[in-house]
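Undergrad: next one to model:
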Amino acid sequence: MSKKIIAAILSLTCAVLMLAACNGGDSSSTTSSNASSASQSDSSAVLQNVQVETSLVIDGKEIDTKDLEMLNINGVTVDFDMFRYYWLGYKSTFESANMEYTIDELKEIVIHEIKMAYTLTAMGEENGIEYDEKAQTEFMDSYNGILMNFTAEEDYAKWLSQMYLTDSAVQEYTRNNVYADLVYEKLFGENGKNYVKEEDFLKLTKSDEYARVIHILIPYSYCAPLSDEDKEGWDELEKSKQFEKLEAAYNKLTDEEKEKVKAESKKFAEEILEKAKNGENFYQLVADYNSDPGMQLADKEDITSLVGYYFTKDWNFVQEFLDGSFALEVDGISDIVESKSYGYHIIKRLPVDEEYVEKNKATLLKEYNDIVFNKICDDYFANSLKIEYSEYYDKLTLDSIK
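TA: Next up, the predicted model:
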């Protein structure tokens with residue numbers, strides 16, 4: 001996926017969820033009496049009748065969008081109103097950022113994001129998870145919470161138009177998110193069928209499939225020339241701030257200058273590697289030369305208090321780092337491991353500290369279950385989601401949907 005597409009994904013705000021969250025806290029403030037509750041219910045009923053003008057034009061002909069299914073994802077319908085929300089939302093994102101784009105690029109991001117939004121929905125349907133009474137109550141609370149932001153039909157209609165929504169789309173979006181939470185709980189919550197229990201996790205930490213490493217990161221930008229202003233107070237800066245300044249300086253360089261800096265940084269990394277291979281204290285080398293802010297000391301006065309990273313092969317680290325780490329025996333030191341995302345790594349694999357694991361097992365277990373969740377969803381997204389397209393999909397132009 002191109003950087004252009006990724007930038008657009010990151011910039012589209014989920015206004016529906018934000019509005020729901022605004023009213024999801026203290027329900028007593030919004031339903032302080034039976035009278036006010038009745039009034040809100042009446043107001044919500046009125047707002048549900050608000051109509052927004054929408055249109056789909058194919059080959060110059062206006063298409064009736066009532067009950068129109070634009071996509072079907074594993075048996076789950078994505079109707080025109082929901083499709084329109086994504087289509088116009090990302091179209092607006094491209095245009096507001098003055099980004100040139102093609103119909104294929106717009107389709108790519110829209111389909112990607114709809115698939116992301118409906119992954120848990122499809123998984124839930126496949127696993128026979130029903131939209132229960134509790135979920136229905138949560139949906140109504142969230143939906144009414146959105147409506148309560150508006151006191152007049154024209155205000156709600158204006159917001160819907162601005163966000164490329166219809167009331168039907170607001171309901172579907174909200175319902176889908178509530179159902180996704182339900183599916184997550186059933187499949188990945190503490191009693192879910194994919195949840196890894198504590199005892200199983202602790203067994204894993206005692207196997208070769210679980211690693212603890214520390215490393216020295218020498219980024220491509222390590223030898224980038226810094227201005228006198230950037231150098232000021234350098235030793236007192238946090239690693240993350242140093243890294244930011246190096247990256248900023250590196251990104252100002254021409255391609256030819258960048259290649260020269262990369263070569264200098266690699267040469268420096270090789271010098272550090274030689275020190276490590278010759279037996280110099282690896283903890284001290286990390287303290288002196290590493291640029292990874294994740295390599296934090298538990299005790300700033302004790303360089304051996306470096307915790308390092310605890311992880312499995314499925315962790316969301318760059319693949320080169322994972323491969324380099326698991327290729328090592330305990331206490332082994334890698335050669336230079338280059339990752340295109342960061343630069344040059346020198347990795348040392350350490351014994352897993354069982355006392356640390358026991359003390360921090362709740363956090364480590366949560367991290368591991370998050371990885372399990374992401375991996376299962378990523379695999380399902382990539383391999384199991386099947387989309388059927390409307391007869392109009394291939395005929396869409398940039399201006400077909402209004």
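Undergrad: the helices in the stretch 151-300 of the chain, which residues?
TA: For the stretch 151-300 of the chain, the helices defined by DSSP state H, counting those that start in this stretch occupy 153-162, 167-188, 198-205, 228-231, 239-251, 255-277, 282-289.
Undergrad: so which bits of the last one are buried?
TA: Spelled out, it's helix 282-289. F282, Y283, L285, V286, Y289 (16 or more other C-beta atoms under 10 Å). The C-beta positions use only the backbone N, C-alpha and C, and glycine is treated the same way.
Undergrad: closest to A263 out of those residues?
TA: Y289 (17.6 Å; C-beta to C-beta).
Undergrad: residues in contact with that closest one?
TA: I216, I218, I272 (C-beta atoms under 8 Å, 6 or more residues apart in numbering).
Undergrad: what sits against the nearest residue to the second one once chain neighbours are set aside?
TA: Leaving aside its sequence neighbours, I218 sits nearest to A269 (C-beta to C-beta, 6 or more residues apart in numbering; 4.0 Å). By C-beta under 8 Å, 6+ apart, the contact set of A269 is I216, I218, Y222, I336, G343, Y344, I346.
Undergrad: and the second one, how many neighbours?
TA: Put plainly, it is I218. Per other C-beta atoms under 10 Å, the neighbour tally for I218 reads 26.
Undergrad: narrow the contacts of A269 to those in strands?
TA: I216, I218, G343, Y344, I346 (DSSP state E).
Undergrad: do you know how far the first one is from L398?
TA: Separation of I216 from L398 (C-beta to C-beta, to the nearest Å) stands at 49 Å.
Undergrad: give me the more crowded residue out of those two.
TA: I216 (25 against 12).
Undergrad: tell me how far that one lies from K193.
TA: Taking C-beta to C-beta, one finds I216 at 41 Å from K193.
Undergrad: likewise for C223?
TA: For C223, the distance to K193 - C-beta to C-beta - is 51 Å.
Undergrad: more neighbours: the two, which one.
TA: It is C223, of C223 and K193, that has more neighbours when counted by other C-beta under 10 Å, with 21 against 9.
Undergrad: who are the contact partners of the more buried one?
TA: C223 neighbours (C-beta under 8 Å, 6+ apart): V261, E264, S265, F268.
Undergrad: can you check V286 too?
TA: Contacts of V286 by C-beta under 8 Å, 6+ apart are I214, H215, I216, M295, I303, L306.
Undergrad: swap the cut-off to 6 Å and go again
TA: Each residue near V286 by C-beta atoms under 6 Å, 6 or more residues apart in numbering is listed here: I214, I216, M295.
Undergrad: relative to D181, which of those residues is nearest.
TA: The nearest one, if we look at the contacts of V286 relative to D181 and count by C-beta to C-beta, is M295, at 35.2 Å.
Undergrad: select the helix or strand of the protein having the lowest average pLDDT value.
TA: helix 3-11 (a mean of 42; mean pLDDT, DSSP states H and E).
Undergrad: would you map the strands across the chain?
TA: 57-58, 61-62, 69-73, 76-79, 211-219, 309-311, 337-339, 343-350, 387-389.
Undergrad: of those, which is nearest K361?
TA: Closest among the strands of the chain, once you apply C-beta to C-beta, is strand 309-311, at 10.7 Å.
Undergrad: coming back round to it: if you compare the helices of the stretch 151-300 of the chain, which one is most tucked away?
TA: helix 167-188 (a mean of 20; mean count of other C-beta atoms under 10 Å).
Undergrad: tell me what that helix is packed against?
TA: Counting by 3 or more C-beta pairs under 6 Å, 6 or more residues apart in numbering; DSSP states H and E, the packing neighbours recorded for helix 167-188 are helix 80-96, helix 103-126, helix 133-147.
Undergrad: give me that answer again for 7 Å
TA: helix 15-22, helix 80-96, helix 103-126, helix 133-147 (3 or more C-beta pairs under 7 Å, 6 or more residues apart in numbering; DSSP states H and E).
Undergrad: and the shortest one, average pLDDT?
TA: The one in question is helix 15-22. Helix 15-22 shows an average pLDDT of 50 in the prediction.
Undergrad: out of the helices of the stretch 151-300 of the chain, flag the one nearest E95.
TA: Once the helices of the stretch 151-300 of the chain are compared by C-beta to C-beta, helix 153-162 is nearest, at 14.4 Å.
Undergrad: and that closest one with helix 167-188, angle?
TA: For helix 153-162 against helix 167-188, the angle by axes from the mean of the first three to the mean of the last three C-alpha atoms, to 10 degrees is 60 degrees.
Undergrad: what helices or strands is helix 153-162 leaning on?
TA: By 3+ C-beta pairs under 7 Å, 6+ apart, helix 153-162 packs against helix 34-47.
Undergrad: circling back to that earlier point, okay, the helices and strands packed on helix 167-188 in JSON lines with distance to E257 and mean neighbour count next?
TA: Formatted as JSON lines, the helices and strands packed on helix 167-188 follow (distance: least, C-beta to C-beta, whole Å; neighbours: other C-beta atoms under 10 Å):
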{"stretch": "helix 15-22", "distance to E257": "43", "mean neighbour count": "16"}
{"stretch": "helix 80-96", "distance to E257": "32", "mean neighbour count": "20"}
{"stretch": "helix 103-126", "distance to E257": "31", "mean neighbour count": "19"}
{"stretch": "helix 133-147", "distance to E257": "52", "mean neighbour count": "18"}
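Undergrad: okay if I get the contacts of A269 as TSV plus pLDDT?
TA: Formatted as TSV, the contacts of A269 follow (pLDDT from 0 to 100):
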residue	pLDDT
I216	96
I218	96
Y222	93
I336	97
G343	95
Y344	97
I346	98
